[in-house]
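Chemist: Sharing a model prediction with you, sequence too.
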Amino acid sequence: MANLFSSFEPSTNFNLSLNWASSLIGLILIPPMFWFIPSRFNMLWNLIIFNLHKEFKILMGTKNSSGSTLIFISLFSFIMFNNFLGLFPYIFTSTSHMTLTLTLALPLWVSFMIFGWINNTIHMFAHLVPQGTPPVLMPFMVCIETISNIIRPGTLAVRLSANMIAGHLLMTLLGNTGASLSLIMINLLIIIQILLLILESAVSIIQSYVFAVLSTLYSSEVN
């Protein structure tokens, strides 16, 4: 089991967490696209950013979206880069660790809560009891809503890291069986691994999008 989870171990042979440097590789890859404008890569990236901006603007409301969407677009970009880098061999997947995912989710949630409770206290209290709740159920609803609010950063962090670990672990398990298989089965295994890699590429984009969208929704609730 220790060998199976070794790909998720952040320490290296020198007992240094140099593998965390993989989070910075995305920053090295971004600058070259600005040398040739408009390059195809630059046009594609601008298209993604503009579409995300329009979508986040709708979610946040027009009066609150001036510049705020850039935070969530940056968050989406950072997570997506790290998710994709983890698909390459011998590159450590930093988003499969709760250390990174909680570092992203917790400060966002805390800042939303502080902002909401200081500026819109009545609005935040109103959120604890959904509209149309019978008076008998109100105390229970307050407890349920409070708990669901408190566990939000945890669910954001666990969702991202669990999805990253699950796919990588499945590919590792299947890859380890290759040595004992016949030629026909190895060919079948390669096809399955390629399909899983395509699936993981889709999951990388989806999970970064989900993280950014849920963060946007949580921020829109406190206004």
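Modeler: Thanks, I have it.
Chemist: any idea where the helices of this protein begin and end?
Modeler: 25-29, 40-60, 69-85, 98-119, 121-127, 138-150, 152-176, 183-221 (DSSP state H).
Chemist: okay if I get the ones you listed as TSV plus distance to Phe92?
Modeler: Bear in mind the C-beta positions are built from the backbone N, C-alpha and C, glycine included. Converted to TSV, the helices of the chain look like this (distance: least, Cβ to Cβ, whole Å):
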stretch	distance to Phe92
helix 25-29	10
helix 40-60	24
helix 69-85	8
helix 98-119	11
helix 121-127	39
helix 138-150	31
helix 152-176	11
helix 183-221	15
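Chemist: and among those, the most buried is which?
Modeler: Ranked by mean neighbour count, the helices of the chain are led by helix 69-85 with a mean of 20 (mean count of other Cβ atoms under 10 Å).
Chemist: got the angle for that one vs helix 98-119?
Modeler: Helix 69-85 and helix 98-119 are oriented at 170 degrees to each other (axes from the mean of the first three to the mean of the last three Cα atoms, to 10 degrees).
Chemist: Turn the helices of the chain into TSV, including mean pLDDT.
Modeler: Formatted as TSV, the helices of the chain follow (pLDDT from 0 to 100):
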stretch	mean pLDDT
helix 25-29	75
helix 40-60	85
helix 69-85	88
helix 98-119	87
helix 121-127	76
helix 138-150	83
helix 152-176	87
helix 183-221	89
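Chemist: so which of these comes closest to Ile91?
Modeler: helix 69-85 (5.2 Å; Cβ to Cβ).
Chemist: What lies in contact with the closest one?
Modeler: 22-23, 25-26, 29, 49, 52-53, 56-57, 60, 91, 93-95, 100, 104, 108, 160, 164, 201, 203-205, 207-209, 211-212, 215-216, 219 (Cβ atoms under 8 Å, 6 or more residues apart in numbering).
Chemist: so how far is that helix off the chain centroid?
Modeler: 8 Å (Cα atoms, centre = their mean, to the nearest Å).
Chemist: swap in stretch 40-56?
Modeler: With Cα atoms, centre = their mean as the basis, the mean position of stretch 40-56 lies at 18 Å from the chain mean.
Chemist: do the same with stretch 214-223
Modeler: The answer for stretch 214-223 is 16 Å, by Cα atoms, centre = their mean.
Chemist: what's in contact with it?
Modeler: Stretch 214-223 is contacted from outside by 56, 59-61, 64, 68-69, 72, 75, 105, 108-109, 112-113, 115-116, 119-120, 123-124, 127, 152, 156, using Cβ under 8 Å, 6+ apart.
Chemist: quick one: contacts for the closest residue to Val142 other than its chain neighbours?
Modeler: Nearest residue to Val142, sequence neighbours excluded (Cβ to Cβ, 6 or more residues apart in numbering): Leu128, at 4.9 Å. When the contact criterion is Cβ under 8 Å, 6+ apart, the partners of Leu128 are 141-142, 145-146.
Chemist: try it again with 10 Å
Modeler: 138, 141-146, 149 (Cβ atoms under 10 Å, 6 or more residues apart in numbering).
Chemist: any idea how far it is from Leu106?
Modeler: Leu128 sits 21 Å away from Leu106, going by Cβ to Cβ, to the nearest Å.
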